[in-house]
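Enquirer: sequence plus the predicted model coming up.
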Amino acid sequence: MRNVVFYILVSWCCAFALPVEAGNGRLYTASMMSSSTTDYVIQDHYGYIWVGTQYGLNKFDGYRFTHYFTDKNDTTSMPHNDVSRMLSDSKKRLWVGTARGLCRYDYQNDRFIRYPMPDHLTPRIVCLLEDTDGNILIATSGQGVYAIRAGKDVVTKEKQFSSQRKGYDFTNRLYEDEQHHIWCTYQTTAITRMKVNALQVTETKEYQSPFGPVVEFLKKDTGGFLAVCMYGILKYDSTTGQLTDAGYDMKSLDSKVSIRGACIDHKGHLYIGTSGEGLFVIPAGSNVLKKVDNLENRYGLASANINHIFEDKDHNLWVSCYKKGLYEICQEKEAFATWKFSNQNYILGSSISSIAAGEDGRVWCTVQKSGVYQFDKNGVISPAPTAPAGANCIYRDSKGQFWIGSETTLYAYNPVTGSSSPRLHVDGWGINCMADDALGNYYICNYGKGLYVYHPETGQSEQLSMYQLNPQKG
């Protein structure tokens with residue numbers, strides 16, 4: 001016997017889940033994406049989610065993934081399958097950094113435009129940044145910093161961002177603060193702050209991280225930012241120019257476990273991804289790091305290597321779990337709730353045929369051959385006092401009047417008292433839906449016979465069918 005399931009859109013304001021719980025999620029694996037070796041996630045200006053992996057790029061439209069790969073015989077494909085970084089800029093362009101150079105996605109033709117690097121080099125792209133002036137800065141592994149200057153469409157080498165010191169060409173992260181300093185980090189503990197004018201470096205200041213290389217720069221509030229490092233978190237004060245310990249209690253994280261990714265969501269919760277210990281969070285208003293619970297233990301995500309975290313425009317968190325896939329966490333209460341008759345001991349053996357909104361969040365529905373039922377705003381079910389035999393359709397018109405349609409009769413109906421009054425008799429196989437307009441006309445679907453137009457004020461009706469247009473074809 002089939003269970004009757006009722007889905008209803010939750011129309012009240014969504015309540016957010018606790019920041020230390022993440023059971024409301026979905027894992028996308030290599031069965032859906034090009035690979036489970038995920039590295040980076042971004043959302044473009046059109047709402048698509050893009051996922052970079054070590055074997056291909058994936059575009060998610062909310063229903064399915066489209067995969068993109070390199071093709072040595074096609075110059076309009078990506079230069080390499082290993083996608084390391086992406087950027088959606090202010091001009092709605094999507095830049096894709098790979099292990100062998102840079103390309104831009106061509107939305108109109110669903111292909112890629114490759115951008116040759118100077119001296120025929122093909123470095124690994126590790127970071128992309130659009131600065132205030134519209135320049136696209138390109139950090140590479142081993143070849144320093146490049147740029148596509150605002151208004152130009154070619155890549156140039158920007159030697160002024162490099163240093164003579166060993167290792168400074170292995171740029172790791174780029175960041176622009178609210179004072180428009182450009183920050184560069186490396187595979188070492190060094191951090192460089194640069195005062196820049198038209199991409200010319202006029203002043204530099206060096207810092208050292210006591211917590212290892214910087215993993216992510218995060219804007220937390222005015223007057224500074226956070227520099228999340230492999231083994232701790234620093235805070236920069238733009239007033240004093242000091243980069244110091246942010247003061248978070250990190251005792252819940254094993255000192256041997258490194259931080260691989262970080263994100264601050266729209267509520268101010270600071271999420272931390274780790275190497276092998278899953279996801280942690282410092283809730284807004286707190287300074288204590290906590291393990292995120294319920295991270296789908298059946299997938300082993302509690303011990304995942306989380307290398308990137310991203311929040312989209314709808315406040316979903318996308319968690320890149322290397323070699324496991326991409327985990328989406330819905331932070332808001334789901335838009336749909338499921339209410340089952342069987343869960344409340346109603347064994348009906350049929351299906352819902354219509355619904356109508358009532359007062360105070362109540363919903364009325366008809367169940368074929370079983371009458372009329374009410375769901376209150378919490379999903380608690382109760383039958384109506386009584387209903388006309390064979391009730392197949394319930395409808396509430398623009399004036400608030402309820403109607404019941406059976407196989408042969410339309411009734412005016414009061415679901416609270418159960419009183420009904422027949423208004424229209426039809427010759428057909430059942431009234432299964434209806435609607436009314438601002439002029440007081442009611443349009444009634446008489447299954448198998450066509451459409452009735454009914455005028456309650458006069459009691460008159462007329463029947464329309466396709467036979468009136470083409471008697472031969474119907």
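Expert: Yes, it's here. As the structure is a computational prediction, the values presented were derived from the model and not from experiment.

Enquirer: domain parsing of the protein, as residue ranges.
Expert: Segmentation of the chain into domains, based on automatic domain parsing, reads 15-330, 336-468.

Enquirer: could those be laid out in CSV, adding mean pLDDT?
Expert: Formatted as CSV, the entries for the domains of the chain read as follows, by pLDDT from 0 to 100:
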stretch, mean pLDDT
domain 15-330, 93
domain 336-468, 89
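
Enquirer: contacting residues for residue 259?
Expert: For residue 259, the residues meeting the contact criterion (Cβ atoms under 8 Å, 6 or more residues apart in numbering) are 215, 228, 229, 230, 231, 232, 253, 272, 273, 274, 275. C-betas here are computed from N, CA, C, even on glycine.

Enquirer: what bridges to it?
Expert: Here residue 259 sits in beta bridges with residue 274, going by DSSP bridges.

Enquirer: for residue 309, see how far away it is.
Expert: 11 Å (Cβ to Cβ, to the nearest Å).

Enquirer: shared neighbours, those two?
Expert: Among the neighbours of residue 259, those also in contact with residue 309 (Cβ under 8 Å, 6+ apart) are residue 273.

Enquirer: from the contacts of residue 259, which land in strands?
Expert: If you go by DSSP state E, the contacts of residue 259 have 215, 228, 229, 232, 272, 273, 274 in strands.

Enquirer: now those residues as CSV including distance to residue 372 and neighbour count?
Expert: Conversion of the ones in strands among the contacts of residue 259 to CSV gives the following (distance: Cβ to Cβ, whole Å; neighbours: other Cβ atoms under 10 Å):
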residue, distance to residue 372, neighbour count
215, 59, 25
228, 57, 25
229, 63, 23
232, 63, 18
272, 52, 28
273, 51, 27
274, 54, 21
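
Enquirer: widest-spaced pair of these?
Expert: Considering Cβ to Cβ, no two members of the ones in strands among the contacts of residue 259 lie farther apart than 232 and 273, which are separated by 14.7 Å.

Enquirer: ok, residue 360 touching residue 377?
Expert: Yes - judged on Cβ atoms under 8 Å, residue 360 makes contact with residue 377 at a distance of 6.5 Å.

Enquirer: looking at the two, which has the bigger crowd around it?
Expert: With other Cβ atoms under 10 Å as the criterion, residue 360 and residue 377 differ in neighbour count, and residue 377 comes out ahead with 14 against 6.

Enquirer: the residue nearest to the more buried one when sequence neighbours are not counted in helix, strand or coil?
Expert: Taking Cβ to Cβ, 6 or more residues apart in numbering as the measure, residue 377 lies nearest to residue 361, with 3.0 Å between them; neighbours along the chain are not counted. Following DSSP: H, G, I helix; E, B strand; the rest coil, residue 361 is assigned to coil.

Enquirer: same thing with residue 285?
Expert: Assigned with three-state DSSP, residue 285 falls in the coil class.

Enquirer: distance of it from residue 174?
Expert: Taken as Cβ to Cβ, the spacing of residue 285 relative to residue 174 amounts to 30 Å.

Enquirer: these two - which one has more neighbours?
Expert: With neighbours defined as other Cβ under 10 Å, residue 285 and residue 174 compare such that residue 174 has more, 21 against 8.

Enquirer: how many residues are close by the nearest residue in space to that one that is not next to it in sequence?
Expert: Once flanking residues are discounted, residue 174 sits nearest to residue 129: 4.2 Å by Cβ to Cβ, 6+ apart. Residue neighbour count, defined by other Cβ under 10 Å, stands at 21 for residue 129.

Enquirer: who's residue 129 bridged to?
Expert: According to DSSP bridges, residue 137 are recorded as the beta-bridge partners of residue 129.

Enquirer: tell me the contacts of it?
Expert: 87, 136, 137, 139, 174, 175, 176, 182.

Enquirer: confirm that residue 343 sits in a strand.
Expert: No - Residue 343: not assigned to a strand; according to three-state DSSP it is helix.

Enquirer: how near is it to residue 352?
Expert: Distance, residue 343 to residue 352, by Cβ to Cβ: 15 Å.

Enquirer: what does residue 326 give?
Expert: Residue 326 sits 35 Å away from residue 352, taking Cβ to Cβ as the criterion.

Enquirer: and these two? which has more neighbours close in?
Expert: Neighbours per residue, other Cβ under 10 Å: of residue 326 and residue 352, the larger number sits with residue 326, 25 against 17.

Enquirer: burial count for the nearest residue to the more buried one once chain neighbours are set aside?
Expert: Distances taken as Cβ to Cβ, 6+ apart place residue 28 nearest to residue 326, at 4.5 Å, with adjacent residues excluded. Residue neighbour count, defined by other Cβ under 10 Å, stands at 21 for residue 28.

Enquirer: so residue 28 sits against residue 328, correct?
Expert: Yes - shown here, residue 28 and residue 328 form a contact pair, counting by Cβ under 8 Å, at 7.0 Å.

Enquirer: so how far is stretch 212-222 off the chain centroid?
Expert: Centroid separation between stretch 212-222 and its chain, computed with Cα atoms, centre = their mean, to the nearest Å, is 23 Å.
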